[in-house]
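>>> Have a look at this prediction, sequence included:
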Amino acid sequence: MSQAKVPAWVNLALIPFLNILLAFVVSGLVILAIGEDPIEAASFLIYGAFGYNEGIAYTLYYATNLIFTGLAVSVAFKGGLFNIGGEGQAYIGGLGVGLVCLSLDHTMPLYIIAPLAILGAAAFGAAWAYVPAYLQARRGSHIVITTIMFNFIASSLMVYLIVNWLKEEGRMAANSRTFEESAWLPHLSDILAPLGIDIGYAPLNLAFVLALVCCVLVWALLWHTRWGYQLRTLGTNPTAAKYAGIDTAKVTIWAMLISGGLAGFVGVNEIMGANHSLLLNFTAGYGFAGIAVSLMGRNHPIGIIMAAILFGALYQGGSELAFEIPTITPEIVIVIQGLVILFSGALEHMFKDRIEGFFIRRAVA
Amino acid sequence: MTTDTTPYAIELRDISKRFGAVQANKDICLQVPAGTVHGIIGENGAGKSTLMSIIYGFYEADTGYIEVDGKRIDIHNSQDAINAGIGMVHQHFMLVENFSVLENVILGAEGGALLKEGVETARVELQRLAQEYSLDIDVDAIVEDLPVGLQQRVEILKALYRGARILILDEPTGVLTPQEADHLFRILDALKEQGVTVLLITHKLREILASTDNVSVMRQGQMVAHRETAKTSKEELAELMVGKKVRLTVDKDEATPSDVFLSAKNISQYDKQGVKRLKNINLELRAGEIVGIAGVSGNGQSELLNVLSGIEPMTEGELHVAGQVITAKAPKDAAQMRGLKMAHVPEDRHKMGLVTGFEAYEAAVLGYHNSSDYNGKVLMNRKVMIDECNQRMADWDVRPPNPHLKTANFSGGNQQKIVIAREVEQNPDILLIGQPTRGVDIGAIENIHEQIVKLRDSGKAILLVSVELDEIMALSDRIIVMFDGAVVGELDAKDADERTLGLMMANAFNKEEQENQKGESA
């Protein structure tokens, strides 16, 4: 009942803001401790992420991956499932993209390859989520455990496939051959240049548009379809779902398939958009960061876009920061990212009760 | 009996406890002589559990105090209670299932950082206790491997190990077989001989008469009578328990039952532990009648509703609905049962009937969300849902009439109206309705009752489950009594009175009749 009296903006804006602020205050202390000026560091970070067109484009490029994995986590979470396997699903999704591109890039034009690659990403990501989903729905194995294990399996499988089958002869790095240009997803720099917007060499590509489309589709799916209705019922009250005659096992499996497919789209951005070849470890922790993005974005597409941009800014601004101030190593940047995750995700409720209490008292008085 | 000079083992003085608007206990006085078994009996919600929770320190009384052995003590938490020599055996055991008996007993009383010493002392002590009270048990057995009766023994040992001289047993036989229950009563006798005082909380008359020395009756939060068990009878206790209540009246004409809409044949259900929760249920439900299922809660009514509505599968038997035969091998789920024009208002609206995080208009289609009324080709038709919700809120006087308000933020009565409206407005042939007025205020109760009767008069078949005898008697045309998962009696509502029903609900009716007949023939 207390929810009724607390203004919505408190929960949606004030509390997340305070959490991030606290994360930055603690980060500032860390930077002070290594003998650098936190204000200077912050200005490098913010400038790096938002200060110029190329920086913004990089931020959005990172955010693209995080939107996909954030949406993946949120769809599962709405059904009461904690999908920790975004990392592995993204990795295998990339395999799907890579296989489509490698097999068609000599013969087919982009407008055939791109849709097939997107389907491949979704199908491979979903397939990787299917086994844990089946085990959860029909056998009761806990999805957190199985999806974590599937991350490791995905990682090993990709090493095996790339090193033994897909690596280009004579190349030192464990990469596949570079795709022909017909399998390159257009960069937004090419599209924006005629408009007079220069985003430099940032690998921001059409996958960003795909991410925004996915946000709309997920929003419609969750809140405007009967399947979304069933999913949300299952996620909030499994007993009521049974009462309503919802086939909970089926909904569980489909939720994970969709979740895995969304995570797989990371492959579209990375493999087809940025790297143009299939390579090791391109997922770089986006799957895990997606958990924080989804938590911070309250499992809502709009929140997820905002949180993904924040984390994208930390990635981009953080690397600028490490470049500008060499004593702030990339590890320190990871510490800052970790603090943001800690305060906005894990410690989300630290202020919540007190701040809500304050507003309730004020409303009563 | 004790003389005035001997203090009572435990004495309650004017204990009162209020939860919001509900007076759970009012001026409770109780005197229990040492070394006796004292029964406390009353209907569900009479305040027995609250009272015991106060004694054991889960709640603090608003007013009044407790004396143990003549000395006033303050009990703020269960540790205080344990220190005062009070032990409690809960209805649902508080055991760590994958620990051994010994480990469970010393839990929280390990006696040091290292376990070994505590374990050794406990082993010796447990052997002594087991001998003294004939509580034989293998102390190294893992609790989850033990049958329920033995698990309960572990709970009793736990209390005794902590030095309990006053033992509270809350509905101890609820989970026991009759044989295990008899064994428990023998244990209680042994405890009594060793000077332990036992408080036995129950709603079962048989237990009171079989095992207690004195009995106190609670009704609506008050202690209404104290009796010496030897000098009272089932009839007297049943009447005291139920009391003379203000009668709810519902205007309704004679029922005119016609076609059989639902017939259950020999339906049984086992739970995951293999306990038989429904025992060979046979019942028929006809168009144009209200059949009431009376019974103390937890005697299979919930399981019956779940099986009939398709939420849980049955284990044995057949269900005939709308020309279809449903069996354990050919089950139908809740959505399919709705397809047979069966609606279900569940007993617990929070756990089952609503999704409290949903806005009212969303909760108002739960179970019917696949209906073409609410769906376009791809998306759900929100406008239709919201318009319909507005209309129903007006028709059923749901307040506030706001389809966008979170379901959790409506009062209990209004939530219930949302659920009942949802089910009734689907125009079902069969309505299963559990606890229709639980937590609903008086005005809304009348309204809900009228709607149920109206539905009957329009030729629907209604199965009503309620723990409120008043409600059962006011609404039903025919009353079926359930006890321990089985149907133990059926009578025409015209022949039903509270005493008869109360006895039937305690499964004491037939035995008593037989005894009376024996007495007459002798």
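Received the coordinates, thanks. The shown structure was predicted, so the numbers you read here are calculated from the model rather than taken from an experiment.

>>> Report the rounded mean pLDDT for the helix or strand containing B:Val487.
Element membership for B:Val487 (DSSP states H and E) is strand B:486-492. Here strand B:486-492 scores 92 as its mean pLDDT.

>>> partners of it, with directions?
strand B:478-483 (antiparallel) (DSSP bridges).

>>> got the CA positions of the partner strand in CSV?
Extracted in CSV, the C-alpha atoms of strand B:478-483 (Å, rounded to 0.1, in the frame of the first residue of the first chain):
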residue,chain,number,x,y,z
ARG,B,478,-27.9,-29.3,0.0
ILE,B,479,-24.9,-29.7,2.4
ILE,B,480,-22.0,-32.1,2.1
VAL,B,481,-19.7,-32.4,5.0
MET,B,482,-16.0,-33.2,4.5
PHE,B,483,-13.6,-34.6,7.1
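
>>> Quick check: mean pLDDT of it?
In this model, strand B:478-483 has a mean pLDDT of 92.

>>> And it, how far out from the chain middle?
When distances are taken as C-alpha atoms, centre = their mean, to the nearest Å, strand B:478-483 is centred 15 Å away from the chain's centroid.

>>> Can you point out the buried residues in it?
The neighbour-count criterion (16 or more other C-beta atoms under 10 Å in any protein chain shown) identifies B:478-483 as the buried residues of strand B:478-483. To be clear about C-beta, it is placed using only N, CA and C from the backbone, and glycine gets the same treatment.

>>> Same list (those) but as TSV, adding distance to B:Arg72.
TSV is the format used below for these (distance: C-beta to C-beta, whole Å):
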residue	distance to B:Arg72
B:Arg478	53
B:Ile479	48
B:Ile480	49
B:Val481	45
B:Met482	44
B:Phe483	42
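
>>> Now do the same for residue 97: helix, strand or coil?
Looking at chain A here, since you left the chain open. Secondary structure for A:Val97, judged by DSSP: H, G, I helix; E, B strand; the rest coil, is helix.

>>> Please refer instead to chain B.
When states are read from three-state DSSP, the local structure at B:Glu97 comes out as coil.

>>> what about the closest residue to it other than its chain neighbours, how many residues close to it?
Nearest in space to B:Glu97, with sequence neighbours left out and distances taken as C-beta to C-beta, 6 or more residues apart in numbering or on different chains, is B:Glu144 at 4.0 Å. Around B:Glu144 there are 11 other residues, counting by other C-beta atoms under 10 Å in any protein chain shown.

>>> ok, now A:Leu192?
15.

>>> again with A:Val144
Burial of A:Val144, expressed as a neighbour count using other C-beta under 10 Å, amounts to 15.

>>> wait, is it part of a helix?
Yes. If the criterion is three-state DSSP, then A:Val144 is within a helix.

>>> these two touch, right, B:Leu205 and B:Ile41?
Yes. Using C-beta atoms under 8 Å as the test, B:Leu205 is close enough to B:Ile41 to be in contact (7.1 Å).

>>> Name the next helix or strand following the helix or strand harbouring B:Arg18 along the chain.
In this structure, B:Arg18 is located in strand B:10-19 according to DSSP H and E. On the C-terminal side of strand B:10-19, the nearest following helix or strand under DSSP H and E is strand B:22-32.

>>> Show residues contacting that following strand.
Strand B:22-32 has contacts (C-beta atoms under 8 Å, 6 or more residues apart in numbering or on different chains) with B:8-18, B:38, B:40, B:47, B:50-51, B:54, B:61, B:64, B:166, B:197, B:199, B:214, B:216, B:218, B:221-223, B:226.

>>> residues in contact with the residue positioned nearest the centre of chain A?
When chain A is reduced to its mean C-alpha position, the nearest residue by C-alpha atoms, centre = their mean turns out to be A:Leu66, at 2.3 Å. By C-beta under 8 Å, 6+ apart, A:Leu66 lies in contact with A:286, A:289-290, A:293, A:307-308, A:311-312.

>>> Secondary structure class of B:Glu67, three-state.
strand.

>>> Any idea what it is bridged to?
Under DSSP bridges, the residues paired with B:Glu67 across the bridge are B:Glu11, B:Arg72.

>>> Which of the three states applies to the residue in the stretch 201-350 of chain A positioned nearest to chain B?
Scanning the stretch 201-350 of chain A for proximity to chain B using C-beta to the nearest C-beta identifies A:Gly245 as nearest, at 2.6 Å. Recorded secondary structure, A:Gly245: coil (three-state DSSP).

>>> got the domain boundaries for chain B?
Here the domain parsing of chain B from automatic domain parsing is B:10-242, B:260-348+B:429-516.

>>> Put together a markdown table for those, with distance to A:Gly264 on each row.
Output for those, formatted as a markdown table (distance: least, C-beta to C-beta, whole Å):
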| stretch | distance to A:Gly264 |
| --- | --- |
| domain B:10-242 | 40 |
| domain B:260-348+B:429-516 | 31 |
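
>>> helices and strands of chain B: which one bottoms out on pLDDT?
Of all regular secondary-structure elements in chain B, judged by mean pLDDT, DSSP states H and E, the least confident is helix B:509-521 with a mean of 54.

>>> so where's the chain uncertain?
You didn't say which chain, so I picked chain A. Low-confidence segments of chain A, defined by pLDDT under 70, span residues A:1-5, A:364-365.

>>> that's the wrong chain, I meant chain B
Along chain B, segments meeting pLDDT under 70 span B:1-5, B:20-21, B:44-45, B:174-175, B:177-178, B:243-249, B:439, B:441-442, B:509-522.

>>> All set now, cheers.
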